[in-house]
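Enquirer: Need a 3D model of the following:
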Amino acid sequence: MVWAVRGRTGYDGFDRGWIASPGDTDAGTGERGGPSEIRDITLVVFFLSVQSSYAENTEVPATADVFDTVQFVESETGCWRIKTFAADQDVHPWHLGNTSDCVALAHANTEKHYGDVLEKGYVLRTGEGIEGLRRELAERGLSTHLEVSPSGLVFCTPEGTRYRSKTTPEP
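Expert: All right, here's what the predicted structure looks like:
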């Protein structure tokens, strides 16, 4: 199944902007669907040693419960890069379209841009959708709290948080 994403490949505000809705159809196939129908998911999550705010342009050391992440997710919706800013629970999702190797891109991009604050990373794969992804997270002792948009963009966040796009990155 292919999902239509409004606008161009690039920044897609989470909970606002260009992310497709469940009722949207793909212009090429006319297919409909939603996050519950997405089965094959690869999530690459990197935990950073800082907690920052894009809006305030601040960065302080992370704590066990408050930390930034860089995540890449690949599914039927394509490859996405997600940067979370823990200080204000802000998120910047970027739709990268279809890539030949989202995992390799994730490693190279994150090492290049965040290597100095990179703590640890995980590559999680499932063919069992959102619930399968939660199981993969739990098996590693990670939070199973997932933010899921109607278009199928998914990323993990700490329990008790609600990340939404609050700022727009400068080009």
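Enquirer: For the chain, give me the ranges with low pLDDT.
Expert: 1-36 (pLDDT under 70).
Enquirer: That one: helices as residue ranges?
Expert: Shown for the chain, the helices assigned by DSSP state H span residues 102-114, 129-139.
Enquirer: D88: which of those helices is closest?
Expert: Nearest to D88 among the helices of the chain is helix 102-114 (18.5 Å), distances taken as Cβ to Cβ. Yep, even glycine has a C-beta here, placed from its N, CA and C like the rest.
Enquirer: neighbouring contacts of that closest one?
Expert: Helix 102-114 has contacts (Cβ atoms under 8 Å, 6 or more residues apart in numbering) with 42, 44, 46, 48, 70, 72-74, 79, 81, 96, 99, 118, 121, 123.
Enquirer: again, only this time at 10 Å
Expert: 42-46, 48-50, 68-75, 78-81, 83, 96, 99, 101, 118, 121, 123, 125 (Cβ atoms under 10 Å, 6 or more residues apart in numbering).
Enquirer: Give me the buried subset of the residues you listed.
Expert: 42-46, 48, 50, 68-75, 78-81, 83, 96, 121 (16 or more other Cβ atoms under 10 Å).
Enquirer: and those, which of them are in strands?
Expert: If you go by DSSP state E, the buried ones among the contacts of helix 102-114 have 42-46, 48, 50, 69-75, 78-81, 83, 96, 121 in strands.
Enquirer: thinking S149 is in contact with T77, fair?
Expert: Yes: under the criterion of Cβ atoms under 10 Å, S149 makes contact with T77 at 9.3 Å.
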